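Trainee: Got a sequence here, can you model it:
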Amino acid sequence: MNVVPLLLLVAGSAAVAGAARRTPVPAPLLLVAVGLAVSYLPGVPGYTLDPDIVLPLVLPPLLYTAATDSSYLDLRAQMRPVALLSVGYVLFATLTVGWAAYLIVPGLPLTAALVLGAVVAPPDAVAATAVARRVGLPSRVTTILQGESLVNDATAITAYKVALAAAVGESATWTGGVREFLLAAVGGVVVGLLLMVPIQWLRTHLKEALLQNTLSLLIPFVAYGAAEWVHASGVLAVVVVALYLGYHNWQVDFATRLQEEAVWKMVAFVLESAVFALIGLQLPVVLRGLGPYEGTRAAWYAVAVFLVVVGSRFVWVYPATFLPRALFGRIREREENPTWKAPFIIGWAGMRGVVSLAIAFSIPRTVHGGGPFPERNLVLFLTFTTVIGTLVVQGLSLPPIIRLLRLPGRDPQAETLAEANAQAQASRAAEQHLDALLQDERNALPPPLADRLRTVLERRRNAVWERLGSVNPVTGETVDDTYRRLSREMIGAEREVFVKLRNHRYIDDEMLRTLLRRLDLEEAAAYRETT
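Mentor: Residues are numbered from 1 along each chain as shown. Below you'll find the model as predicted:
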């Protein structure tokens with residue numbers, strides 16, 4: 001097996017994604033653009049997106065990272081709009097886009113058109129999360145988009161299976177399709193519910209962070225594989241397990257959390273970068289074999305399908321936002337009256353991604369009886385152009401549209417105040433617990449060490465409040481910023497001394513690693529991440 005193309009893909013996509021951090025262009029868009037440009041350079045290996053790799057090996061960890069970073073409580077609060085988008089919209093888009101493609105493309109059978117509709121129906125979890133992080137969407141909008149993108153793949157894959165069965169000549173009925181959807185959805189949720197508690201028990205009872213992180217890397221594949229083995233939705237199983245583990249992440253020890261965060265950030269960065277680069281690199285593959293559709297005619301079909309995909313989302317989003325409020329008084333009492341702006345952003349943020357391409361590439365080349373799948377290459381081409389179109393057109397225009405609409409974003413001052421109040425309550429509880437512990441003679445400490453515990457506690461309590469205070473007129477830093485910077489400077493000076501002692505053989509490498517690990521933990525405590 002030649003691993004050079006894989007290494008080139010990973011290294012190249014990581015380099016482009018790293019460079020994108022220094023530009024105003026979101027990394028997914030730059031990766032797709034570079035992939036398109038590179039795909040025709042001489043000597044570039046041919047990269048074919050293999051659905052047998054993407055769906056079981058790439059999708060589960062990306063879903064897992066997105067779900068663990070989501071808020072279970074926020075998703076539960078937005079369950080109605082999330083369900084309307086992840087289930088209702090996907091089915092609506094499948095039918096709308098399929099029917100429109102059937103009318104637009106002469107000779108395209110309705111069953112094949114519905115396969116196309118199911119393929120391009122779901123906005124992608126990777127694309128939505130990556131762009132939402134960059135443009136700073138309001139928290140409620142971000143929650144809805146993330147929740148939709150976590151669940152909608154299950155709906156789309158099931159709709160695709162039903163449409164594909166009809167297209168290849170298998171018996172498929174509406175009743176059978178509904179039954180298959182319910183079995184996949186309920187089965188996926190049940191598998192997730194059965195796995196989440198034992199997995200969390202293992203996470204809290206394994207005493208070594210290395211073993212815990214090894215388990216963490218296996219979790220999404222175990223959940224996905226177990227659900228698919230019983231013909232349920234692996235997507236839903238991964239999401240259920242990940243939401244539960246993310247909600248209970250505080251129960252594992254700090255070393256596991258530190259390592260796990262670093263490991264999954266690296267995994268997500270590599271996979272996301274490679275996935276978006278792969279999208280661009282598919283251009284030669286999808287253009288190959290278009291036959292009579294090559295040229296202007298295929299381009300017009302692509303534009304028409306893209307416009308239907310974008311337009312159908314708005315046709316669904318606005319009624320789904322305002323109609324429930326008009327019909328149910330409890331919704332009007334419980335929720336604020338939305339303006340037209342937030343639904344517009346949700347409608348415009350429906351980027352498609354690698355899942356659509358992976359499903360399209362899984363379309364069989366032949367149907368029952370040995371004949372070719374009708375217009376398979378055209379379906380691949382229209383899927384590719386829709387993915388590229390939504391990523392480029394919607395992805396590039398989303399940030400200026402948000403700025404133009406002046407959608408109210410997160411309030412940093414209010415969030416800092418809430419954080420300060422929470423820290424104050426926690427510090428009071430910790431101080432009372434410390435006083436009770438010190439009264440026990442088994443916990444006797446010299447006064448300087450006891451005072452040090454109180455000083456650390458007071459420092460944590462005051463640090464958040466100081467961020468609300470004045471800034472240094474010279475540096476623009478708050479007192480907390482200056483304190484953390486000086487803490488890092490001091491730790492850096494200690495680190496340099498340890499390295500010099502190792503270099504002069506006063507200590508060995510094992511002792512150096514122990515001392516540096518201790519400094520790393522102190523630095524993590526002194527300098528919390530702010531980005």
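
Trainee: Helices of the stretch 251-400 of the chain, residue ranges please.
Mentor: For the stretch 251-400 of the chain, the helices defined by DSSP state H, counting those that start in this stretch cover 254-281, 283-287, 296-327, 329-334, 341-348, 354-361, 376-389, 395-405.

Trainee: Would you mind pulling up the elements that the first one packs against?
Mentor: Going back to what we said before, that points to helix 254-281. Where contact means 3 or more CB pairs under 8 Å, 6 or more residues apart in numbering; DSSP states H and E, helix 254-281 is packed against helix 4-20, helix 27-38, helix 59-68, helix 125-135, helix 209-229, helix 354-361, helix 376-389. All C-beta atoms are positioned from the backbone trio N, CA, C, and that covers glycine.

Trainee: Quickly compare the ones you listed and say which is most buried.
Mentor: Ranked by mean neighbour count, these are led by helix 354-361 with a mean of 26 (mean count of other CB atoms under 10 Å).

Trainee: just to revisit the earlier point, ranking the helices and strands packed on helix 254-281 by mean pLDDT, which is last?
Mentor: Note on the helices and strands packed on helix 254-281: helix 125-135 shows the lowest mean pLDDT, a mean of 61.

Trainee: Run through the stretch 101-250 of the chain and note the low-pLDDT ranges.
Mentor: 125-137, 169-174, 176-177 (pLDDT under 70).

Trainee: Which among the helices and strands packed on helix 254-281 is found nearest to residue 493?
Mentor: Nearest of these to residue 493, taken as CB to CB: helix 209-229 at 27.8 Å.

Trainee: now the closest one and helix 254-281, what's the angle there?
Mentor: Put simply, helix 209-229 runs at 50 degrees to helix 254-281, going by axes from the mean of the first three to the mean of the last three CA atoms, to 10 degrees.

Trainee: Residues in contact with helix 209-229: which ones?
Mentor: Around helix 209-229, the neighbours that count as contacts under CB atoms under 8 Å, 6 or more residues apart in numbering are 56-57, 59-61, 63-64, 187-188, 191-192, 195, 199, 202-203, 206, 233-238, 240-242, 245, 252-253, 255-256, 258-260, 263-264, 267.

Trainee: most tightly surrounded among the helices of the stretch 251-400 of the chain?
Mentor: For those, the largest average neighbour count (mean count of other CB under 10 Å) is found in helix 354-361, namely a mean of 26.

Trainee: quick one, what contacts residue 51?
Mentor: So residue 51 contacts 358-359, 361-362 (CB under 8 Å, 6+ apart).

Trainee: List the contacts of the nearest residue to it once chain neighbours are set aside.
Mentor: Excluding the flanking residues, the one nearest residue 51 by CB to CB, 6 or more residues apart in numbering is residue 362, at 3.8 Å. Taking CB under 8 Å, 6+ apart, we find residue 362 in contact with 51-52, 55.

Trainee: hmm, 10 Å instead?
Mentor: 49-52, 54-55, 119, 157, 160, 164 (CB atoms under 10 Å, 6 or more residues apart in numbering).

Trainee: do the same with residue 33
Mentor: Residue 33 neighbours (CB under 10 Å, 6+ apart): 16, 25, 276-277, 280, 388, 391-392.

Trainee: Can I take it that residue 93 is in a helix?
Mentor: Yes. Using DSSP: H, G, I helix; E, B strand; the rest coil, the assignment for residue 93 is a helix.

Trainee: ok, the residue lying closest to it once chain neighbours are set aside - how many residues close by?
Mentor: Nearest non-adjacent residue to residue 93, counting by CB to CB, 6+ apart: residue 121, 4.0 Å away. By other CB atoms under 10 Å, 30 other residues sit near residue 121.

Trainee: before we move on, what about residue 444?
Mentor: 10.

Trainee: Checking the closest residue to residue 285 other than its chain neighbours next. Helix, strand or coil?
Mentor: Nearest residue to residue 285 in three dimensions, chain neighbours excluded: residue 48, at 5.6 Å (CB to CB, 6+ apart). Under three-state DSSP, residue 48 falls in the coil class.

Trainee: I'd assumed residue 380 was in contact with residue 48.
Mentor: No. Using CB atoms under 10 Å, residue 48 makes no contact with residue 380, being 11.1 Å away.

Trainee: Quickly note the distance from the residue positioned nearest the centre of the chain to residue 243.
Mentor: The chain has residue 66 as the residue nearest its centroid, 3.3 Å off, counting by CA atoms, centre = their mean. Residue 66 sits 10 Å away from residue 243, going by CB to CB, to the nearest Å.

Trainee: Kindly report the same for residue 266.
Mentor: In terms of CB to CB, residue 266 sits 22 Å off from residue 243.

Trainee: Same check on residue 206?
Mentor: Residue 206 sits 21 Å away from residue 243, going by CB to CB.

Trainee: which one of the two has more residues nearby?
Mentor: Neighbours were counted for residue 206 and for residue 243 using other CB under 10 Å; residue 243 has more, 21 against 17.

Trainee: and that one, what is it in contact with?
Mentor: So residue 243 contacts 67-68, 70-72, 75-76, 147, 150, 192, 196 (CB under 10 Å, 6+ apart).

Trainee: do that again at 7 Å, thanks
Mentor: Counting by CB atoms under 7 Å, 6 or more residues apart in numbering, residue 243 touches 67, 70, 72.

Trainee: Specify which member of these is nearest to residue 307.
Mentor: Once CB to CB is applied, the member of these that ends up nearest residue 307 is residue 70, at 31.1 Å.

Trainee: How is that closest one assigned, secondary-structure-wise?
Mentor: Once three-state DSSP is applied, residue 70 turns out coil.

Trainee: right, and it touches residue 144 too?
Mentor: No. Counting by CB atoms under 7 Å, residue 70 sits too far from residue 144 to count as a contact (11.1 Å).

Trainee: Could you check which of those two has the larger neighbour count?
Mentor: residue 144 (27 against 22).

Trainee: and the more buried one, what helix or strand is that in?
Mentor: Taking DSSP states H and E as the definition, residue 144 sits inside helix 139-167.

Trainee: Next, the buried residues of the helix or strand that that helix is followed by.
Mentor: Following helix 139-167 in sequence order, the next helix or strand is helix 174-205 (DSSP H and E). Neighbour counts over helix 174-205 (16 or more other CB atoms under 10 Å) mark 177, 180-181, 184-185, 187-192, 194-196, 199-200, 203 as buried.

Trainee: Also stretch 88-95?
Mentor: For stretch 88-95, a neighbour-count test (16+ other CB under 10 Å) marks 89-95 as buried.

Trainee: ok, and what's touching it?
Mentor: Contacts of stretch 88-95 (CB under 7 Å, 6+ apart): 114, 117-118, 121-122, 152, 155-156, 159, 312-313, 316, 320.

Trainee: can you list these in a markdown table and add distance to residue 107?
Mentor: Listed next are the contacts of stretch 88-95 as a markdown table, based on distance: CB to CB, whole Å:
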| residue | distance to residue 107 |
| --- | --- |
| 114 | 15 |
| 117 | 17 |
| 118 | 20 |
| 121 | 23 |
| 122 | 27 |
| 152 | 30 |
| 155 | 29 |
| 156 | 25 |
| 159 | 23 |
| 312 | 23 |
| 313 | 27 |
| 316 | 28 |
| 320 | 34 |
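
Trainee: tell me which of these is nearest to residue 372?
Mentor: Of all these, residue 372 sits closest to residue 114, with 17.8 Å by CB to CB.

Trainee: quick one: that closest one from residue 278, how far?
Mentor: Residue 114 is 26 Å from residue 278, by CB to CB.

Trainee: same thing with residue 228?
Mentor: In terms of CB to CB, residue 228 sits 22 Å off from residue 278.

Trainee: in stretch 97-107, what counts as buried?
Mentor: Buried residues in stretch 97-107, counted by 16+ other CB under 10 Å: 97-98, 100-102, 105.

Trainee: Save the residues you listed as CSV, and put in secondary structure too.
Mentor: Listed next are the buried residues of stretch 97-107 as CSV, based on three-state DSSP:
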residue, secondary structure
97, helix
98, helix
100, helix
101, helix
102, helix
105, coil
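
Trainee: picking up where we left off before, which one of the contacts of stretch 88-95 is nearest residue 404?
Mentor: Among the contacts of stretch 88-95, and counting by CB to CB, the member closest to residue 404 is residue 313, at 19.3 Å.
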